[in-house]
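>>> sequence isn't available, so here's the structure alone:
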């Protein structure tokens, strides 16, 4: 890892992929003064400012930095799990130049003062951009709505109750109505707690064989169906936080066909793993919502390829050994993912099921657009938040080498092909694979 100055850099002979402009060419990219100057064929070293660092990127990909739309960071209150400093180091190594952190901290991010604390703390200690989502309801209790207008003015980019679902339909209706007037995005975790019950993995024959209580897919689809009917009623902006099954995709498709202002994310875990990977009760693969069947995984991949699923996120959720080295039913749900999200996604590219531009659109361009933040583009004048990717380099995921404080990766000792070799934020190199 290195942290350099902001002198001009010409990346030459690269494959330049900019989903914001449907651009996929062999060419050069010039950055100077923290912004992108040009991205086109044949800039050449002769036409660049004096002192420009020329980097030959033959065989590499240049793309906008990733925008991870769902990541838990422990500050405030749980810095032992993850801090802005440690999360941003992991993000830089994974090509994530912007982290969207969740509000389920202690205290909850449900008032402007806490939003301000998060922004200041991140500004002082993180090496990537950090934007907070604020809580939809006070204390994440699902009853009383927060001051959405004041929270947005303070810097919250969207609103969510994190991994909790709002079961009261009247509260959700009022939230969507109120948020609409502020053009605020409501991001909801669709998992009905009554249907989930004491379940710990996908409800299936495999769960029965393991002797574990299952969570039916209906726990997700019932709540999603309700939410989208409320969107039709209110006209609010709505984003499903984590879609996991084919049935939910059908609900989402119908809503989009009706012209509703709805979008959705899927986690990299649900796109690249399935319930069988849990194998001998591997708690690092216990996530919420749970991993589903292989058929559901394939449906999600098709959803990303077609654009039905707008965003791919890491669902980064650090858990320490005390909460993971337990019997599967008792272990905490969650997996880290900032550092492995792109490499895991490249599995889909190498398999030919998702194109590289489609993957980068879902990991960078679309989340930036939905949240109304800079990034996700290589257009002239855009912030120089870019990544250099070697799509063919093989590597082994060694948890001891990961930057996160916790090591609960579902890709423990997995073989990957492709990774970020350089990450630049605002024109400064913050990570370089040597």
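Right, received. Where do you want to start? Owing to the predicted nature of the structure, the values given are computational and were not obtained by experimental measurement.

>>> just checking, next helix/strand downstream of the helix or strand harbouring residue 99?
Secondary structure from DSSP states H and E places residue 99 in strand 96-101. Counting by DSSP H and E, the next helix or strand C-terminal to strand 96-101 is helix 112-125.

>>> next, count neighbours for residue 120.
When neighbours are counted by other Cβ atoms under 10 Å, residue 120 registers 10. C-beta here means a position set from N, CA and C on the backbone, and glycine is covered the same way.

>>> ok, the one 10 residues further on next?
Here the neighbour count serves as a burial measure; for residue 130 (other Cβ under 10 Å) it reads 23.

>>> tell me which other helices or strands the strand holding residue 99 touches.
Counting contacts by 3 or more Cβ pairs under 8 Å, 6 or more residues apart in numbering; DSSP states H and E, strand 96-101 packs against strand 66-71, helix 84-94, strand 129-132, helix 366-371, strand 415-425.

>>> turn these into CSV, columns for distance to residue 25 and mean pLDDT.
Putting the helices and strands packed on strand 96-101 into CSV (distance: least, Cβ to Cβ, whole Å; pLDDT from 0 to 100) gives the following:
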stretch, distance to residue 25, mean pLDDT
strand 66-71, 20, 98
helix 84-94, 25, 98
strand 129-132, 27, 98
helix 366-371, 21, 98
strand 415-425, 19, 98
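
>>> just name the most buried of these.
strand 66-71 (a mean of 29; mean count of other Cβ atoms under 10 Å).

>>> tell me how far it lies from the chain's centre.
Taking Cα atoms, centre = their mean, to the nearest Å, the mean C-alpha location of strand 66-71 is offset from the chain mean by 3 Å.

>>> give the next helix or strand downstream of the helix or strand where residue 25 lies.
Assigned by DSSP H and E, residue 25 belongs to strand 23-32. Scanning forward in sequence from strand 23-32 by DSSP H and E, the next helix or strand is strand 35-40.

>>> indicate which one of the helices and strands packed on strand 96-101 is closest to residue 335.
Closest of the helices and strands packed on strand 96-101 to residue 335 is strand 66-71, at 11.4 Å (criterion: Cβ to Cβ).

>>> helices or strands up against the closest one?
Counting by 3+ Cβ pairs under 8 Å, 6+ apart, the packing neighbours recorded for strand 66-71 are helix 84-94, strand 96-101, strand 262-267, strand 311-313, helix 341-350, helix 366-371.

>>> make JSON lines from those and add distance to residue 167 to it.
Shown next, in JSON lines, are those (distance: least, Cβ to Cβ, whole Å):
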{"stretch": "helix 84-94", "distance to residue 167": "30"}
{"stretch": "strand 96-101", "distance to residue 167": "24"}
{"stretch": "strand 262-267", "distance to residue 167": "19"}
{"stretch": "strand 311-313", "distance to residue 167": "23"}
{"stretch": "helix 341-350", "distance to residue 167": "30"}
{"stretch": "helix 366-371", "distance to residue 167": "25"}
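
>>> follow-up on the earlier one: who does the strand holding residue 99 pair up with?
Partners of strand 96-101 in the sheet, by DSSP bridges, are strand 66-71 (parallel), strand 129-132 (parallel).

>>> mind giving me CSV with those and columns for distance to residue 264?
Shown next, in CSV, are the strands paired with strand 96-101 (distance: least, Cβ to Cβ, whole Å):
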stretch, distance to residue 264
strand 66-71, 11
strand 129-132, 20
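
>>> nearest to residue 223, out of those?
Proximity to residue 223 (Cβ to Cβ) singles out strand 66-71 among these, at 17.1 Å.

>>> now do the contacts for residue 7.
51-53 (Cβ atoms under 8 Å, 6 or more residues apart in numbering).

>>> wait, residue 402 touches residue 338, no?
No: look at residue 402 against residue 338 with Cβ atoms under 8 Å: they stay out of range, at 9.0 Å.

>>> tell me the pLDDT of residue 40.
pLDDT, residue 40: 88.

>>> and it, how far is that from residue 368?
According to Cβ to Cβ, to the nearest Å, residue 40 stands 22 Å off from residue 368.

>>> what strand or helix carries residue 326?
Assessed by DSSP H and E, residue 326 sits outside every helix and strand.

>>> name the nearest residue to it, sequence neighbours excluded.
Here the nearest residue to residue 326 in space, its sequence neighbours aside, is residue 283; by Cβ to Cβ, 6 or more residues apart in numbering that works out to 6.8 Å.

>>> burial count for that neighbour?
There are 23 residues near residue 283, going by other Cβ under 10 Å.

>>> before we move on, what about residue 28?
Residue 28: 25 neighbours (other Cβ under 10 Å).

>>> give the closest residue to it in space, chain neighbours not counted.
Using Cβ to Cβ, 6+ apart and skipping residues adjacent in sequence, the residue nearest residue 28 is residue 43, 4.0 Å away.

>>> for the one you found, what are its contacts?
By Cβ under 8 Å, 6+ apart, the contact list for residue 43 reads 10, 12, 27-30.

>>> residue 87 versus the residue nearest the centre of the chain, what's the distance?
Geometric centre of the chain, nearest residue: residue 313, 2.4 Å, by Cα atoms, centre = their mean. Going from residue 313 to residue 87 by Cβ to Cβ gives 14 Å.

>>> need the overlap of contacts for these two.
Common neighbours of residue 313 and residue 87 (Cβ under 8 Å, 6+ apart) are residue 71.

>>> which strands and helices sit next to the top helix by length along the chain?
Using DSSP state H, we find that the single longest helix of the chain is helix 218-234. For helix 218-234, the elements it packs on are helix 169-180, helix 193-196, strand 237-240, helix 246-257, judged by 3+ Cβ pairs under 8 Å, 6+ apart.

>>> which among those is found nearest to residue 325?
Closest among the helices and strands packed on helix 218-234, using Cβ to Cβ: helix 193-196, at 23.5 Å.

>>> beyond the closest one, next helix or strand please.
Assignment by DSSP H and E places the next element after helix 193-196 at strand 201-202.

>>> which residues touch that following strand?
Contacts for strand 201-202 (Cβ under 8 Å, 6+ apart): 207, 210, 212-215, 217, 275, 278, 286, 290-293, 328.

>>> average pLDDT for it?
Mean predicted confidence for strand 201-202 is 98.

>>> any idea which helix or strand carries the nearest residue in space to residue 422 that is not next to it in sequence?
Distance criterion Cβ to Cβ, 6+ apart; nearest residue to residue 422, sequence neighbours excluded, is residue 388 at 4.0 Å. Element membership for residue 388 (DSSP H and E) is strand 386-396.
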